[in-house]
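>>> Mind folding the following:
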Amino acid sequence: MEMTLSQAADLIGIPQKRLYRAVKAGKLKAVQRHQGSRWEYLVTRQDLEDFERSTERLVDQDARPVATDPETGRPT
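Below you'll find the predicted structure:
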């Protein structure tokens, strides 16, 4: 099933602009379709899920444990 970037953004709860940038950067597969006087991108649910998994992995890799002071709870 194909959906527009707007529908995909609503489905996964992120801004449409982020998906557009991912398409332009080649991180999210999409096809272009002429709709009236403009073009729109369509993505499949599988490609959207693959994109989500790849971005989750990047977020997880960026997460580093932070040492905290046991008394104050502030980062050291």
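
>>> Run me through the strand neighbours of the lengthiest strand in the chain, direction for each.
Longest strand in the chain, counting residues (DSSP state E): strand 38-44. Take DSSP bridges as the rule and strand 38-44 pairs in its sheet with strand 2-4 (antiparallel), strand 31-35 (antiparallel).

>>> and residue 43, which of those strands is closest to it?
For the strands paired with strand 38-44, the distance to residue 43 is smallest for strand 2-4, at 6.3 Å, taking C-beta to C-beta. All C-beta spots, glycine's among them, are computed from the backbone N, C-alpha and C.

>>> Quick one: mean pLDDT over the very next helix or strand once past that closest one.
Tracing the chain C-terminally past strand 2-4 and defining elements by DSSP states H and E, one meets helix 5-12 next. In this model, helix 5-12 has a mean pLDDT of 93.

>>> Low-confidence regions, the protein specifically.
57-68, 73-76 (pLDDT under 70).

>>> at 50 instead, please
Confidence mapping of the chain against pLDDT under 50 gives the ranges 59-60, 62.

>>> quick one: secondary structure of residue 52?
With DSSP: H, G, I helix; E, B strand; the rest coil as the basis, the three-state label of residue 52 is helix.

>>> that older thread, buried deepest among the strands paired with strand 38-44, which one?
Neighbour counts (mean count of other C-beta atoms under 10 Å) averaged over each of these peak at strand 2-4, with a mean of 16.

>>> and that one, how far out from the chain's middle?
Here the centre of strand 2-4 is set off from its chain's centre by 15 Å, with C-alpha atoms, centre = their mean, to the nearest Å.
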